[in-house]
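Q: Structure for this input, please:
(one chain, ligands or ions: 1)
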Amino acid sequence: MKSFASLVLAAAAVTLSVPASAQFAKPEDAIKYRQSALTVMATHFGRVGAMANGRVPFDAKALADNANIAEEMSKLPWAAFVDGSDKGTTRAKAEIWSDNAKFKAAAEKMQAEIVKLNAAAKAGNLDALKVAFGPAAASCKACHDNFRKD
Ligand code: ASC
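A: Numbers count the residues shown, from 1 in each chain. All right, here's what the predicted structure looks like:
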């Protein structure tokens, strides 16, 4: 048991220490990964939005579940913007790489807004949810406007 645990830890250490690019066999894999994470995020964010906007009835459990998935997904896409993944089936703009500090800031802003949204969702606070939803949606849009081709 002890040796199995150290094996797992050793494997984890290897995985965590290799550069992000090495975690994807091909640039297309990185593109697919980030698009998938963003698609799942948008799906669950949309369900939160439907509740925030009163298009679906308030359901505390569904709200908390959806917001939680959105927050988890919001962490994932960024490691997949690896070098060489600016070409192919992607709308990623070159500015992601040429103005990476700005892209990173936009990604962090979005994640921070989703954390606030999730906090309101977890608390089951519809008023706080309504307040948090607009800035969260705006943070999605800001990144699309600057870093995604139409
Ligand atoms: C969504 C979604 C986005 C954002 C954006 C906000 O629900 O899928 O990409 O909100 O449209 O303007």
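Q: Now stretch 38-45: buried residues?
A: Leu38, Met41, His44, Phe45 (16 or more other CB atoms under 10 Å). (Glycine included, C-beta is placed from N, CA and C.)
Q: any chance of those in JSON lines, plus pLDDT and distance to Lys109?
A: Converted to JSON lines, the buried residues of stretch 38-45 look like this (pLDDT from 0 to 100; distance: CB to CB, whole Å):
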{"residue": "Leu38", "pLDDT": "98", "distance to Lys109": "15"}
{"residue": "Met41", "pLDDT": "98", "distance to Lys109": "15"}
{"residue": "His44", "pLDDT": "98", "distance to Lys109": "19"}
{"residue": "Phe45", "pLDDT": "98", "distance to Lys109": "15"}
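Q: Which two among the residues you listed are spaced furthest apart?
A: With CB to CB as the measure, no two of the buried residues of stretch 38-45 lie farther apart than Leu38 and His44, at 11.2 Å.
Q: For those two, list the residues in contact with both.
A: By CB atoms under 8 Å, 6 or more residues apart in numbering, Leu38 and His44 have these common neighbours: Met73.
Q: From the buried residues of stretch 38-45, pick out the ones that also neighbour the ligand.
A: Subset of the buried residues of stretch 38-45 in contact with the ligand: Phe45, counting by CB under 6 Å from any ligand atom.
Q: any idea how far Asn146 is from Val82?
A: 20 Å (CB to CB, to the nearest Å).
Q: cool, and Glu108?
A: Applying CB to CB to Glu108 and Val82 gives a distance of 18 Å.
Q: next one: Glu113
A: To Val82, Glu113 is 25 Å away according to CB to CB.
Q: measure the residue nearest to the spatial centre of the chain to the ligand for me?
A: In the chain, the C-alpha nearest the mean C-alpha coordinate belongs to Ser74, at 1.9 Å (CA atoms, centre = their mean). The gap separating Ser74 from the ligand is 12 Å, by CB to the nearest ligand atom, to the nearest Å.
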